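1. could you work out the structure for the sequence below:
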Amino acid sequence: NATHALVFMLAGLTGRWKQTVAYYFTGNSTKGHVLKDIILEIIRLAENMSLQVQAITTDMGPVNQAMWKSFGIYSNRKNTINSIPHPKDSTRKLFFIADVPHLCKNLRKMFIAHKVFIIDDYFVKKYSLPSNAVKLEHITQLCEHQSDHELKLATKINSDSLETDHFNGMKVSPAYCLLNRKVADGLKYLVAEEGFEKELLTTSWFLITIHKWFDLMTCRSPKFALSLINQKQYEEAVRFLEEIIKLLETLRFGSDKQSAWKPIQSGIILATKSVLELHVILLKEKNYKFVLTGRLTQDCLENLFSSVRIRQAVPSPLQFERHLKLITVSQYLRETSTSSYDEDDREFLGDFFEKGTQINNNIIEHEYKEIELFTPLIGKMEINICKSEKNSLYHLSGYIVNKVMTLDKVCTDCVSSLLLSEEDSPNSYSKLLKIKEYKQDCLTKVNDKCFTFMLILEETFRACQIVLPDIVNTKDFLSASMSSKAEAVIVPTCRETKK
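-> Numbering: from 1, shown residues only. Below you'll find the model as predicted:
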């Protein structure tokens, strides 16, 4: 009568390796001490192979919380115990970490359920916030403001993002899109340019704080990892993580003056404290150059479950066992760097039979007739782009130019003709870009000529959208239409930058 699969996996901190080592079928509940015994046995076997187990990462399901309790791990208003003496060496510590992506999902659920978070007066005073209320209503206002915009102030968020269901609740992306700096910047813009109430700035600050915490706790880039190489950046990160603990200790859920302690508070505090203590051991005792906190999450295990669900959305125990074995064995089908033979470039039969695209030779001849037929119709259309969208377009224009500069070797004349110079006045639609700059001049600013060029392209594209369903060769039709409309804007043609 198994209803759940319990999978154990070992994963490296210094190397990109992972290995499923055990799985069990369980009912709806499992005793915490049963998991404890299994974990201790896995640790014993791993340590006997000269692997050093530093931490145990799990989500905050009831079974895992029971396992924490059996180890003496807990977090409440008064105290947090996040580690125990290591079972194989009492001079070491074994840390317990709540999986950060799961915490992000749970925080989103709590925000949607309670509508309001109340932060302590300490943070209101320190950061000069207009109020201590973080409200879901403020994000709803942003969604309504940009609901009919094609160019959003905050992308990937709408009214559906503020509702939760079973399948959305399982995904990290809806939570990451909601608790995101882009949403925070959108709220700042509404206050600065659209006359919205200043209370939105408190919600903006909270979103930026949580987004920064998530990035620090799931970092996979040495540039932003916890490291002693950049002492200033390191000390700032440590202070920030310590402040997160204080924020969650004093956070209230809902508008009531008294709020019960929530599991999400325990999870975030436990995970943050474990990272703060573990990284010191790794950097100062183990002489790591940096700590990639993303390798302390259970993403590797969640990806395994996703691979199983792709094959069967709700697998039976037998199906799960078969899929798990296939996925585990498949890792041995990759080429090895020490092979005595040349690399085989053939595909597996299942991939080989994928249908390829076929080119219709009549398309090229037909596209010219389409352009002649629809161009007069497009020219008569009036396209109105509002101020918010133009601010989004200006930010997007800088991103596009930066990508062209990065991917192509563009000459100095081309660069100077597109970018804002010191003598130029800031564009009137650059307000959103300034809000998004987390440090001075970190984003690309284009001049008025370049923005006008981009604006013409956007207007042309919107006009073309009406006739696109009747077009056979969409790409060439759009290219020809945009080139025709933007012909009057002079942009250097060196290395076809304009195209």
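2. contacting residues around residue 435?
-> Taking C-beta atoms under 8 Å, 6 or more residues apart in numbering, we find residue 435 in contact with 185, 188, 189, 192. Backbone N, C-alpha and C define where each C-beta goes, glycine included.
3. and the residue positioned nearest the centre of the chain, what element?
-> Centroid-nearest residue in the chain, with C-alpha atoms, centre = their mean: residue 176, separated by 5.3 Å. Using DSSP states H and E, residue 176 falls within helix 173-178.
4. correct me, but the residue nearest to the centre of the chain touches residue 103?
-> No - using C-beta atoms under 8 Å, residue 176 makes no contact with residue 103, being 11.7 Å away.
5. residue 20: what secondary structure?
-> strand (DSSP: H, G, I helix; E, B strand; the rest coil).
6. counting neighbours, what do you get for it?
-> Residues lying near residue 20 (other C-beta atoms under 10 Å) number 17.
7. any idea how far it lies from residue 140?
-> 42 Å (C-beta to C-beta, to the nearest Å).
8. which stretches of the stretch 151-300 of the chain form helices?
-> 166-170, 173-178, 181-193, 200-217, 231-250, 263-280, 299-311 (DSSP state H, counting those that start in this stretch).
9. would you turn those helices into JSON lines with distance to residue 481 and mean pLDDT?
-> Compiled in JSON lines, the helices of the stretch 151-300 of the chain are given as follows (distance: least, C-beta to C-beta, whole Å; pLDDT from 0 to 100):
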{"stretch": "helix 166-170", "distance to residue 481": "38", "mean pLDDT": "65"}
{"stretch": "helix 173-178", "distance to residue 481": "32", "mean pLDDT": "90"}
{"stretch": "helix 181-193", "distance to residue 481": "30", "mean pLDDT": "96"}
{"stretch": "helix 200-217", "distance to residue 481": "39", "mean pLDDT": "97"}
{"stretch": "helix 231-250", "distance to residue 481": "47", "mean pLDDT": "96"}
{"stretch": "helix 263-280", "distance to residue 481": "51", "mean pLDDT": "97"}
{"stretch": "helix 299-311", "distance to residue 481": "40", "mean pLDDT": "87"}
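10. for residue 68, find the nearest of those helices.
-> Of all the helices of the stretch 151-300 of the chain, helix 263-280 sits nearest to residue 68, with 8.3 Å by C-beta to C-beta.
11. how about the contacts made by residue 147?
-> Residues near residue 147 by C-beta under 8 Å, 6+ apart: 158, 159.
12. element containing it, please.
-> Assigned by DSSP H and E, residue 147 falls within no helix or strand.
13. got it, and residue 404?
-> Element membership of residue 404 [criterion: DSSP H and E] is helix 387-407.
14. by contact count, what packs against that helix?
-> helix 181-193, helix 431-436, helix 448-465 (3 or more C-beta pairs under 8 Å, 6 or more residues apart in numbering; DSSP states H and E).
15. picking that back up, now the helices of the stretch 151-300 of the chain as a markdown table including distance to residue 30?
-> Shown next, in a markdown table, are these (distance: least, C-beta to C-beta, whole Å):
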| stretch | distance to residue 30 |
| --- | --- |
| helix 166-170 | 20 |
| helix 173-178 | 27 |
| helix 181-193 | 38 |
| helix 200-217 | 27 |
| helix 231-250 | 28 |
| helix 263-280 | 18 |
| helix 299-311 | 17 |
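16. before we move on, back to that, quick one: contacts of the helix holding residue 404?
-> For helix 387-407, the surrounding residues in contact (C-beta under 8 Å, 6+ apart) are 145-146, 149-153, 189, 193-194, 385, 410, 415, 418-419, 427, 429-433, 436, 443-446, 450-451, 454-455, 458, 497.
17. repeat for stretch 266-285
-> With C-beta under 8 Å, 6+ apart as the test, stretch 266-285 has contacts from 13, 54-55, 60, 73-76, 80, 82-83, 93, 95-100, 102-103, 106-107, 213, 217, 226-228, 238, 241-242, 244-245, 248-249, 288, 290-291, 293, 296.
18. correct me, but residue 429 touches residue 448?
-> No - the pair residue 429 / residue 448 is not scored as a contact, 9.8 Å apart, by C-beta under 8 Å.
19. who has more neighbours, the two?
-> The residue with more neighbours, out of residue 429 and residue 448, is residue 429; 22 against 14, by other C-beta under 10 Å.
20. the bottom helix or strand of this protein by mean pLDDT?
-> Lowest on mean pLDDT, DSSP states H and E among the helices and strands of the chain sits helix 349-352, with a mean of 46.
21. low-confidence ranges in this protein?
-> Under the criterion pLDDT under 70, the flagged ranges of the chain are 166-169, 331-382, 408-409, 470-472, 485-499.
22. at 50 what do you get?
-> Applying pLDDT under 50 to the chain flags the ranges 339-344, 346-361, 363-368.
23. contact partners for residue 415?
-> For residue 415, the contact set (C-beta under 8 Å, 6+ apart) comprises residue 405.
24. now do the buried residues in the host helix or strand of it.
-> Per DSSP H and E: residue 415 is located in helix 412-418. Using 16 or more other C-beta atoms under 10 Å as the test for burial, helix 412-418 gives 414, 417, 418.
25. again, but for stretch 91-99
-> For stretch 91-99, by 16+ other C-beta under 10 Å, it's 93, 94, 95, 96, 97, 98, 99.
26. for stretch 387-407, same thing?
-> Within stretch 387-407, the residues that count as buried by 16+ other C-beta under 10 Å are 388-398, 401, 405.
27. one more: stretch 418-438?
-> Result for stretch 418-438 [16+ other C-beta under 10 Å]: buried residues 418, 419, 420, 427, 429, 430, 431, 432, 433, 434, 435, 436.
28. likewise for stretch 173-185?
-> Under 16+ other C-beta under 10 Å, the buried positions of stretch 173-185 are 174, 175, 176, 177, 178, 179, 180, 181, 182, 183, 184, 185.
29. do the same with stretch 140-160
-> Neighbour-count burial for stretch 140-160 flags 141, 142, 143, 145, 146, 151, 152, 153, 154, 157 (criterion: 16+ other C-beta under 10 Å).
30. go through those residues and name the one nearest residue 233.
-> Distances from residue 233 to the buried residues of stretch 140-160, taken by C-beta to C-beta, are shortest for residue 154, at 27.1 Å.
31. I figured residue 2 hits residue 23, correct?
-> No - Residue 2 is not in contact with residue 23 according to C-beta under 8 Å; the separation is 11.0 Å.
32. what comes up buried for stretch 207-220?
-> Across stretch 207-220, burial judged by 16+ other C-beta under 10 Å covers 207, 208, 209, 210, 211, 212, 213, 214, 216, 217, 218, 219.
33. reformat those residues as TSV; add distance to residue 134.
-> Shown next, in TSV, are the buried residues of stretch 207-220 (distance: C-beta to C-beta, whole Å):
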residue	distance to residue 134
207	8
208	11
209	10
210	10
211	13
212	15
213	14
214	16
216	20
217	20
218	22
219	25
